[in-house]
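In: structure of the sequence below:
(2 chains)
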Amino acid sequence: MLPTARSLAAHSAGAPALAVLDQGNGCPPSGSATALTGAGATFPAPIYTRWFDAYASACGVRVNYQAIGSGGGIRQHTERTVDFGASDAILTPEQFAAAPGTIMIPTVAGAVAIVANLDGLTPGQLDVSGDTIAKIYLGQITRWNDPRLAAENPGQDLPDRAITPVRRSDGSGTTNIFTTYLSKVSSDWQQQVGAGTSVQWPAGVGGEGNAGVAGQVRQIPGAIGYVELAYAKQNNLTWLGVRNQANNYVQPSLESTTAAMEGIELPDNMQVMLVDSANPSAYPIAGFTWLVVYQNQTDRAKAQSLVALMRWALTDGQAMAEPLDYAQLSPTAQQKALALVNSISVNGQPALP
Amino acid sequence: MVSRSPLAPAPRGAAAVPANAAAPRGLARRRRDLGDRLFTTAVTAMAFALVGLVVLLLVSLFQDAALAMGRFGLAFIWGSVWNPVTHVFGVLPAVYGTLATSCVALLIAVPIGLGAGIFLAEFAPPWLERPLAFLIELLAAIPSVVLGLWALFILVPVLRPVEGWLGRHLGFLPLFSGPPIGIGILAASLILTIMVLPILTTIIREVIRAVPENQREAAYALGATEWEAIAGVVLPYGRSGILGAVTLALGRALGETLAVTMVIGNVFKIELSLFAQATTLASLIASQFREADSEIYLSALIYAGVVLFVITLVVNVAARLLVHRLSTAAIGLGKGGG
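Out: Purely as a prediction, here's the structure:
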């Protein structure tokens, strides 16, 4: 008979009551670390906070997460000052070289909604293709009644108004997803601008953070901008439908974001951007957010807690994603993510059975 | 300690201690001298510590900027491309934005600050002056972020029709050209004006109050009106103080980050219109520092910080020299006037 939490607690008086590992999805075994530190991306901070809170009550493992940005998270991970990092962007070869043995484990996904400010616009009323978005942000399409926009919106009465593209002035994972998508669907964009958390924007005004972009879009009539889906939903912004690879115009939603995972070849190391997915119901501008850890850990106690935490987050924790407007991992994505977690070892031995 | 007659004058050069029974002798005196020396050493150390702090700051700044300095050299300052993807960096548009917003802000703030300061010092009745001065100082206590949000959500929508009007009537001037979307150099300058006014007004008020009464009386005695007395006598007398206030205000404006970032548009371009969007050195650094994902990118941002530091230094030194020139001129005038 498996020892229960109570009997364990009776044995180790003074230690927190940890339940025994059941099928690899629960709390870490006794002797594991009860405190972990992590730092990184701000995008998943709400769900991480929720997870770590729930995990602390269930298993007594306290996780301290600092949302200092993906760049900061990767830096701290490289310098080994935290137990795990978090990033919205895939590490560059330079960063991988500085932190050898790093693996990236996706936890949830988000989408980037294209929002606009036009009189009487309702969410999903207007559609736009990736190429058109690229041209708007390149400064090549400057008015709403441009024939290319009109062609994508037959029957809609587009006003003769200037388009003001709004983008992020600060570096961010959202920009990274957006520019990766534009680079994929527009060779002009790929050549002239490229992708990154911060790029040299040919046109448009910059806002600080999602709030800054949304604020500027709201202030400037005829403006168009990009924000995280969660932010757009919570603030009732009017978004546009975006054309995906299967030529369907899809609105950003949690379902269409999860669908995006099923239309892309997911590599085993899960370092892929979920843009321009082939799935017919996929939203084309989406991306994972990852936890960044070392595959070969040195501290067994911490490794056990880390692995148990990640296993829980990737299974039971996924149910908490939707209420917070994050997209769950698809079955394939979840499977590969768990495989990555299970590959974490301590001195050659797997961290947890 | 030689005792001497209390009526004899104290010898110069000797320890100027009165030769009476109250003077501490022996151990007590050594303790007091020790105390004096400790005190002197302590305050000297504090002064040097402060200087040392600044030097350390500079050293660490230069260290971190070394990579970018080596790669770009002085071309960084007049480069116009800021590309984090291809790692080409240059800050000329940011330098332009910093100087443009600060200068426009001062152009608007100095007359208002002067007027308010003169009013508070010369004309306001005491029951009005004190609460008004208090309110102006309170303006300085508003956090930058709050002012930035206020500017974005209240100032900008109000400014848009104003810019539209200016564009329609004065649009032939390059200063008022371009689409009036509200966000841009004018909005940033206005918010800087608001942030800088409290310093200006308070210091100018103090400077004017410090002008000796006899100067004013002399002016009135010569038949000057109130305005002539102020403009011709009081203000010139307080010239150096007023310039000091302007320097402080300029220093504040050059470094202001958050409020400016929210309303300047963050566009890396030089455009000579007030309606244009721009970027400043401070907002460039603050926006991009967190997500800078490569060594050269970080180093370039710190190099931008060094550039901002140098600009502030140059401005302050220039202002100091000007103050020095003006105050010696004033003294010269006084002597000559006799």
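In: around chain A, pick out the residues from chain B.
Out: B:81-86, B:152-153, B:156-157, B:179, B:181-183, B:261-262, B:265-268, B:277, B:279, B:283, B:286-288, B:290-295, B:297 (C-beta under 8 Å from any C-beta of the partner chain). Quick note: C-beta positions are derived from backbone N, CA and C, even for glycine.
In: kindly format the C-alpha coordinates of stretch A:343-352 as PDB.
Out: Presented in PDB, the C-alpha positions along stretch A:343-352 are these (Å, rounded to 0.1, in the frame of the first residue of the first chain):
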ATOM      1  CA  SER A 343      14.500  13.900 -20.200                       C
ATOM      2  CA  ILE A 344      15.700  16.000 -17.400                       C
ATOM      3  CA  SER A 345      18.400  14.100 -15.500                       C
ATOM      4  CA  VAL A 346      20.600  14.400 -12.500                       C
ATOM      5  CA  ASN A 347      24.100  13.100 -12.900                       C
ATOM      6  CA  GLY A 348      23.000  10.700 -15.600                       C
ATOM      7  CA  GLN A 349      20.000   9.400 -13.800                       C
ATOM      8  CA  PRO A 350      16.500  10.700 -14.700                       C
ATOM      9  CA  ALA A 351      15.300  13.200 -12.000                       C
ATOM     10  CA  LEU A 352      12.100  11.400 -11.400                       C
END
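In: now do that stretch, average pLDDT.
Out: Throughout stretch A:343-352, pLDDT has a mean value of 87.
In: give me the distance between it and the centre of its chain.
Out: Distance of stretch A:343-352 from its chain centroid, counting by C-alpha atoms, centre = their mean, to the nearest Å, is 27 Å.
In: now stretch A:231-242
Out: Centroid separation for stretch A:231-242 versus its chain: 17 Å, with C-alpha atoms, centre = their mean.
In: hmm, who's touching it?
Out: Applying C-beta atoms under 8 Å, 6 or more residues apart in numbering or on different chains, the external contacts of stretch A:231-242 come out as A:113-118, A:121-130, A:133, A:210-211, A:214, A:217, A:224, A:227, A:249-252, A:283-285, A:325.
In: ok, now stretch A:272-282?
Out: A:90, A:109, A:130, A:176-177, A:180-181, A:184-185, A:244-246, A:248, A:250, A:255-257, A:259-266, A:283-288.
In: from those residues, which ones fall inside helices?
Out: Assigned to helices by DSSP state H, the following of the contacts of stretch A:272-282 qualify: A:130, A:176-177, A:180-181, A:184-185, A:255-257, A:259-262.
In: got a ChimeraX select line for the buried ones in those?
Out: Here is the ChimeraX command that selects the buried residues among these (16 or more other C-beta atoms under 10 Å in any protein chain shown):
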select /A:130,176,177,180,181,184,185,256,257,259,260,261,262
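In: pick out whichever of the ones in helices among the contacts of stretch A:272-282 sits closest to A:Ser32.
Out: Taking C-beta to C-beta as the measure, A:Ser32 sits nearest to A:Met261 out of those, at 30.7 Å.
In: re the thing from before, of the ones in helices among the contacts of stretch A:272-282, closest to B:Leu147?
Out: Distance to B:Leu147, by C-beta to C-beta, is smallest for A:Asn176 among the ones in helices among the contacts of stretch A:272-282, at 30.6 Å.
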